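Asks: My questions concern the predicted model and sequence given below.
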Amino acid sequence: MSVISLKDVSKNFGKTEALKGVYLELQKGEILGFIGPNGAGKTTTIRIILGILKGAGDSKVFGLDPWKDAIEIHKNLSYVPGDVNLWPNLTGGEVIDLFLKLKKQKNSNYKEELIEKFDFDPRKKCRTYSKGNRQKVALISALAADVDLYIFDEPTSGLDPLMESIFQEEVHRIKREGKSILLSSHILSEVEKLCGSISIIKDGTIIESGPLAELRHLTMSKIKVRTRKPLSDFESNHAVHDFHINEGLTEFSVDGKNLGEIISLISKYDILTLETQPPTLEELFMSHYERTIQ
């Protein structure tokens, strides 16, 4: 059974179609990257998963209806939004304790470890905190809880690079524990480091979904090669793009599905050095995004 399962989920705000038949699956022990441009429908989808909004279609979390069974679902779920609002007169430590108490969590030892890792002062009033420190309150509260599902919506917003790396370490930790994670982020390098699968949403529709390794085959890899014999006729090959030679180094891009064929052809020219670079997530995202603009 999927931890999260959305099938043909739609949501309208008046005459505006925010979601148009969204399909989304998160399996146990998986980290799913949920990406798309601003206004694509990411946050609306997450709010339906959390039971904050009611959408048309079939929505399930732990096999339960998030609208009808939100209280039960939230006992086993931690959520971090991208813009955290806190009680101004409580200290950060009091807010963390409150969130953990609501989930009946007693892992105070790990809470203290997280406070130290994130270099956070829990004694100050929340009204004095910067955006980054408010974000740390939400992250520590979520990561200190022993639950089966973690939902992060732009979780590192306002954090410096060191704190981002600590967050990434914590995500790897909960993944090793067999937990499930839905990560929505505009930082594609972060998604690329953490996620095994991605779903790309645009204009309220999932335009691509699947394991990142498989999706990379749908776009081009970059090749840098030095050969003893000149690479003749390669520029005219249908699978080769952006071909050029600079001081004996030949560079070009090749369609993922033709990569094996091209490597085999190159081997006939006595390879001296060969470097292949798979497409980055940003390149993959842009190729799919631009393809749907046509």
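Replies: Great, that's in hand. It should be emphasised that the depicted structure is a prediction, and the values quoted were computed from it without experimental measurement.
Asks: What distance do you get for the residue most central in space within the chain to residue 241?
Replies: Nearest to the geometric centre of the chain sits residue 33, at 2.6 Å (Cα atoms, centre = their mean). Computed with Cβ to Cβ, to the nearest Å, the distance linking residue 33 and residue 241 is 27 Å. C-betas here are computed from N, CA, C, even on glycine.
Asks: Return the per-residue confidence for the residue nearest to the centre of the chain.
Replies: Looking at residue 33, its pLDDT reads 94.
Asks: Stretch 78-96: end-to-end distance?
Replies: Taking Cα to Cα, to the nearest Å, the first and last residues of stretch 78-96 lie 12 Å apart.
Asks: Give me the mean pLDDT for it.
Replies: In the prediction, stretch 78-96 has an average pLDDT of 93.
Asks: outside of it, which residues touch it?
Replies: 50, 98, 103, 111, 115, 120-127, 129, 131, 133-145, 147, 149-155, 157 (Cβ atoms under 8 Å, 6 or more residues apart in numbering).
Asks: Backbone dihedrals for the residue nearest to residue 129 when sequence neighbours are not counted, please?
Replies: Leaving aside its sequence neighbours, residue 129 sits nearest to residue 92 (Cβ to Cβ, 6 or more residues apart in numbering; 6.6 Å). The phi and psi torsions at residue 92 (degrees, to the nearest 10) take the values phi -60, psi -40.
Asks: The stretch 51-200 of the chain: helices as residue ranges?
Replies: Using DSSP state H, counting those that start in this stretch, the helices of the stretch 51-200 of the chain run over 70-74, 92-102, 108-117, 131-144, 161-176, 188-194.
Asks: helix/strand/coil for the residue located most distally from the centre of the chain?
Replies: In the chain, residue 229 marks the outermost C-alpha relative to the chain mean, sitting 43.6 Å out by Cα atoms, centre = their mean. When classified by DSSP: H, G, I helix; E, B strand; the rest coil, residue 229 comes out as coil.
Asks: Surely residue 183 is in contact with residue 194?
Replies: Yes - under the criterion of Cβ atoms under 8 Å, residue 183 makes contact with residue 194 at 6.2 Å.
Asks: continuing past whichever strand or helix holds residue 25, what's the next helix or strand?
Replies: Assigned by DSSP states H and E, residue 25 belongs to strand 16-26. The element immediately downstream of strand 16-26 (helix or strand, assigned by DSSP H and E) is strand 31-35.
Asks: Compute the inter-axis angle for that following strand and strand 16-26.
Replies: Using axes from the mean of the first three to the mean of the last three Cα atoms, to 10 degrees, the direction of strand 31-35 lies 160 degrees away from that of strand 16-26.
Asks: Can I get strand 31-35 in PDB, CA atoms only?
Replies: Extracted in PDB, the C-alpha atoms of strand 31-35 (Å, rounded to 0.1, in the frame of the first residue of the first chain):
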ATOM      1  CA  ILE A  31      12.000  10.100  -0.900                       C
ATOM      2  CA  LEU A  32       9.900  11.700  -3.700                       C
ATOM      3  CA  GLY A  33      10.900  15.100  -5.100                       C
ATOM      4  CA  PHE A  34       7.900  17.200  -6.000                       C
ATOM      5  CA  ILE A  35       9.000  20.100  -8.200                       C
END
